[in-house]
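# got a predicted structure plus its sequence, pasted below:
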Amino acid sequence: MAGFVNFSFSSEEINSHHRNIEILGIHPHNDDTDLPSRYSMSDYKTAATTYAAVSIRNGEKSYRGKDGQPVIVLKDFNMTVSRGCIYSLLGSSGSGKTTALKVMVGVHRLDQGDVKVFGEIPGTKESRIPGSLAGYMPQETALYDDFTIQEMLSYFGKIYSMSASEISERSEFLINLLKLPEPNRKVGSLSGGQQRRVSFAVALVHNPPLLILDEPTVGVDPTLRLSIWKYLRQLATESKTTVLITTHYIEETRQSDMIGVMRNGKILVEKHPDVLLEQYNQEFLEDVVLTLCHSDDYADVGVSNTREESFPAILHADETEENHNMPIKAQFSEVKTASRFKTASTHIQALVMKTATLYLRNFVFLLFSLMFPFSQVLVVALTIGNKPDDPSFGVVNYDSMQSNCSFAPKFENCSSVGLSCKYLSKLEQNGITLINYPSEEVAYEEVARGNVWGYMKFSKNFSSYYHSMQEYNLFGEGVDDKFSHMIHVKMDMSSRMMTQFYQQLMIRVYEEFASEFKEACDHNKGVGEFPMKIADPIFGSNDADFRQFILISTIVMTVYFFPMISSSFWFIFDKRWGTQGRAIVAGVKTWEIMFSSYVIECPITIFQIVSSFLVSVYICDVRISGSIFLAFALCIIVGFCGVSGGFLIATFCSEEIQVGIAVMGMFMPTFFLCGLIWTPAAMHIIVQYITMFLPCTLPAESLRSIVGRGGGLLHPHVWPGFLIMLIYGALYWIFIILIHQYRDGNIGLKKSKTNCKSSQQCNKLTLKFNQQWVQSAGPVAL
Ligand SMILES: Nc1ncnc2c1ncn2[C@@H]1O[C@H](COP(=O)(O)OP(=O)(O)OP(=O)(O)O)[C@@H](O)[C@H]1O
């Protein structure tokens with residue numbers, strides 16, 4: 001932003017500007033407007049108290065600096081904006097103009113002092129600010145690049161509860177007035193100046209009684225600037241619209257009724273431009289402002305001269321004290337008011353339409369959102385729990401009775417010939433490729449080269465010993481050394497998964513082999529068997545594998561984290577672009593934004609859940625024993641909880657990248673701690689307790705119980721998952737509301753922090769203050 005040293009008008013330009021003004025038929029100050037000189041001092045006193053559209057008294061506002069210390073931005077800030085006038089707030093860059101405007105529209109609250117807009121404290125229910133009473137154009141363009149001009153106007157028109165015909169009529173008028181390109185042009189394709197004009201049009205769309213414009217003419221060419229001022233003049237005169245404007249183009253403010261010059265967080269002077277020019281004996285306002293700023297540099301810092309210099313409100317001939325003491329609703333009957341419910345539902349509709357349009361315009365993101373959980377589950381299905389493809393294993397067979405290894409694996413008699421071969425044939429039948437090596441040394445070399453995962457060595461007495469052991473049930477007799485009858489297995493243990501696979505397979509095949517041999521020899525099958533049998537499962541199935549365990553957790557994790565990412569992303573996106581702040585000034589509440597997110601995320605989450613279940617059932621053979629609706633309900637609650645969590649994260653973040661890092665930072669620990677890979681029962685005892693309170697542990701257990709055990713809602717492993725989600729959801733909401741209510745940049749502010757506790761008390765205090773102020777001011781210099 002340009003400071004006072006970078007004025008945009010050269011002297012020549014200013015002269016031509018004045019000529020232009022006359023050509024366009026506007027006098028630098030409007031003679032038709034009731035100029036202050038028509039009134040007596042007592043009129044002003046009454047007016048200052050009663051007729052102010054905006055008044056700030058003893059305002060103080062500070063931000064927290066980088067070192068955590070408060071940095072005072074507004075101090076001793078006193079300002080009065082009369083109804084139906086154009087007030088230009090001038091000041092160097094960083095002097096606090098935007099902050100003052102944000103205080104007026106209820107986005108920021110004062111640390112000290114009182115602010116009133118049309119006699120009410122912004123943020124209170126009566127004030128309708130934030131709401132339809134004000135049209136706010138922030139400094140940033142605060143538009144959606146993916147929206148067309150018409151969509152932008154329609155979105156805010158809808159927020160202001162305008163009908164479709166009103167929006168279209170008003171849009172046409174504003175597009176012509178501001179010479180905007182075709183209404184179906186995307187905002188992102190417009191020039192900077194055109195975008196600012198669209199932003200201006202958005203502030204005007206509902207024709208509000210108070211217009212607060214933060215540098216509306218930046219990047220606008222002089223001719224258009226003149227027509228903008230002409231229109232503002234017309235609004236102030238004919239519709240009694242109050243216009244509060246900040247600009248660095250000082251000379252254009254000649255057309256305003258009042259100029260407030262701000263420096264270091266306070267108003268140095270509030271006067272009519274002509275009065276300023278006359279008083280400081282200057283030809284140009286720019287010089288007046290420079291003189292004021294220079295003199296302030298030498299003035300006693302900390303002493304506000306506002307009181308001596310301030311100029312009371314302008315009085316319009318047709319205004320009476322009574323009509324300004326009426327409630328806002330009665331004062332502005334033409335401004336639409338609807339029931340709270342209707343307004344909220346209109347806001348939610350507009351917000352849902354907005355996010356839906358943004359989703360559709362960012363089709364890749366939408367596709368990613370829809371496919372993300374599905375693809376996660378598919379990835380798990382395709383990558384986890386499957387058997388290795390074409391596994392190879394080495395064999396060194398020293399068995400002295402292997403002469404006839406081409407025998408079929410089936411036992412036809414109780415022969416001791418080639419038992420090692422029979423076992424190996426069974427292994428091959430189970431999909432293992434066996435590679436014979438002549439010696440252990442060669443086999444070892446092959447393992448070292450990575451050609452096989454390991455090798456098994458059959459000792460020379462394997463067949464004979466095994467046969468005699470089974471035949472006579474002897475153990476150890478006739479064996480010359482204690483290892484000469486065994487199978488030795490050596491493996492590359494660097495991959496746990498692979499070695500486990502081989503180990504399990506070898507043992508299982510051995511059990512089959514032993515059982516068949518005993519049958520062929522007519523031996524009692526039970527002899528030598530492990531005295532324990534794992535019976536049929538109570539819940540689940542014998543073939544339920546690790547993949548099924550992981551799938552359930554994956555569904556819960558993705559259904560929780562993805563809505564968290566998308567809701568926080570949209571929230572941050574809106575916050576960073578300024579569109580959220582603008583919507584809030586237009587009256588949208590935080591809970592409405594959250595609710596609209598639930599509405600928009602609901603179909604997406606349903607799609608995600610359905611597709612995840614389809615993959616689980618049809619690709620991974622997961623059998624759902626319990627109620628599919630209960631499983632769905634749980635997933636939906638988990639998804640909604642994720643949306644709320646996303647809001648909480650977004651509350652602390654200011655950029656999308658921060659959201660990404662925060663969610664990733666939460667995802668990985670949750671991934672492990674929630675027992676996705678390893679059961680929590682095997683974790684450290686302290687971690688086990690922590691794990692129980694994490695958002696995905698109990699819901700995953702619930703879903704597992706519904707799917708695997710067929711558990712109902714009252715099942716002891718099912719209801720805790722629902723309960724923890726409801727607790728999380730409630731906690732998220734409470735934190736969000738508390739943070740938004742009490743942090744700086746308050747959203748949905750209920751009560752401004754003022755010196756007074758109620759609206760009536762504030763009225764009295766303001767009245768008292770104004771009286772003292774006017775009495776102490778002495779004669780106003782005109
Ligand atoms: N949210 C914030 N947190 C911390 N400091 C802030 C914040 N907003 C504004 N400030 C600081 O407050 C001071 C006043 O800022 P403000 O935007 O009100 O100035 P301004 O007069 O509008 O400036 P400009 O003409 O450049 O727009 C600046 O020093 C700015 O850095």
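Yep, it's here.
# middle-most residue in the chain, spatially?
Computing the C-alpha centroid of the chain and ranking residues by Cα atoms, centre = their mean puts residue 568 first, at 1.7 Å.
# can you confirm that one is in a helix?
Yes. The assignment for residue 568 is a helix, going by DSSP: H, G, I helix; E, B strand; the rest coil.
# and the gap between it and residue 648?
The gap separating residue 568 from residue 648 is 8 Å, by Cβ to Cβ, to the nearest Å. Every C-beta, even on glycine, is put in place using the N, C-alpha and C of the backbone.
# equivalent analysis for residue 658, please.
Distance, residue 658 to residue 648, using Cβ to Cβ: 13 Å.
# looking at the two, which is more packed in?
Remark: of residue 658 and residue 648, residue 648 carries more neighbours, 20 against 15, as counted by other Cβ atoms under 10 Å.
# need the strands for the stretch 101-250 of the chain, in chain order.
Counting by DSSP state E, counting those that start in this stretch, one finds strands in the stretch 101-250 of the chain at the ranges 112-117, 134-137, 210-214, 242-246.
# least confident of the ones you listed, on average?
Across the strands of the stretch 101-250 of the chain, strand 112-117 has the smallest mean pLDDT, namely a mean of 86.
# pull out the buried residues from stretch 705-721.
Judged by neighbour count (16 or more other Cβ atoms under 10 Å), stretch 705-721 contains these buried residues: 705, 706, 707, 708, 709, 711, 715, 717, 718, 719, 720, 721.
# dump those into TSV; add secondary structure, distance to the ligand and pLDDT as well.
Formatted as TSV, the buried residues of stretch 705-721 follow (DSSP: H, G, I helix; E, B strand; the rest coil; distance: Cβ to the nearest ligand atom, whole Å; pLDDT from 0 to 100):
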residue	secondary structure	distance to the ligand	pLDDT
705	helix	48	89
706	helix	47	91
707	helix	48	88
708	helix	51	83
709	helix	53	83
711	coil	50	85
715	coil	50	89
717	coil	48	88
718	coil	46	93
719	helix	44	94
720	helix	42	93
721	helix	40	93
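# how deep is the closest residue to the ligand within the stretch 101-250 of the chain tucked in, by neighbour count?
Residue nearest to the ligand within the stretch 101-250 of the chain (Cβ to the nearest ligand atom): residue 139, separated by 5.6 Å. For residue 139, the count of nearby residues is 19 (other Cβ under 10 Å).
# list the contacts for the spatially closest residue to it that is not a sequence neighbour?
If the residues on either side of it in the chain are set aside, residue 139 comes closest to residue 214, at 4.3 Å by Cβ to Cβ, 6 or more residues apart in numbering. For residue 214, the contact set (Cβ atoms under 8 Å, 6 or more residues apart in numbering) comprises 97, 98, 101, 136, 137, 138, 139, 246.
# most neighbours among those residues, which one is it?
Greatest neighbour count in those, by other Cβ under 10 Å, goes to residue 136: 27 neighbours.
# wait, isn't that residue in contact with residue 117?
No. Counting by Cβ atoms under 8 Å, residue 136 sits too far from residue 117 to count as a contact (11.6 Å).
# so where's the stretch 301-450 of the chain uncertain?
Applying pLDDT under 70 to the stretch 301-450 of the chain picks out residues 301-338, 400-413, 416.
# let's see that with 80 instead.
The model of the stretch 301-450 of the chain has pLDDT under 80 over residues 301-340, 373, 381, 384-391, 399-418.
# now the helices for it?
For the stretch 301-450 of the chain, the helices defined by DSSP state H, counting those that start in this stretch occupy 306-309, 321-325, 328-331, 340-361, 363-383, 419-429, 440-449.
# of all those, which one is nearest the ligand?
Of the helices of the stretch 301-450 of the chain, nearest to the ligand by Cβ to the nearest ligand atom is helix 306-309, at 16.5 Å.
# A helix includes residue 689, no?
Yes. Under three-state DSSP, residue 689 falls within a helix.
# quick one: neighbours of it, just the number.
Residue 689: 11 neighbours (other Cβ under 10 Å).
# likewise residue 163?
By other Cβ under 10 Å, 11 other residues sit near residue 163.
# got JSON lines for the helices of the stretch 301-450 of the chain, with mean neighbour count and distance to the ligand too?
JSON lines is the format used below for the helices of the stretch 301-450 of the chain (neighbours: other Cβ atoms under 10 Å; distance: least, Cβ to the nearest ligand atom, whole Å):
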{"stretch": "helix 306-309", "mean neighbour count": "18", "distance to the ligand": "16"}
{"stretch": "helix 321-325", "mean neighbour count": "12", "distance to the ligand": "29"}
{"stretch": "helix 328-331", "mean neighbour count": "14", "distance to the ligand": "27"}
{"stretch": "helix 340-361", "mean neighbour count": "17", "distance to the ligand": "24"}
{"stretch": "helix 363-383", "mean neighbour count": "17", "distance to the ligand": "29"}
{"stretch": "helix 419-429", "mean neighbour count": "20", "distance to the ligand": "71"}
{"stretch": "helix 440-449", "mean neighbour count": "14", "distance to the ligand": "63"}
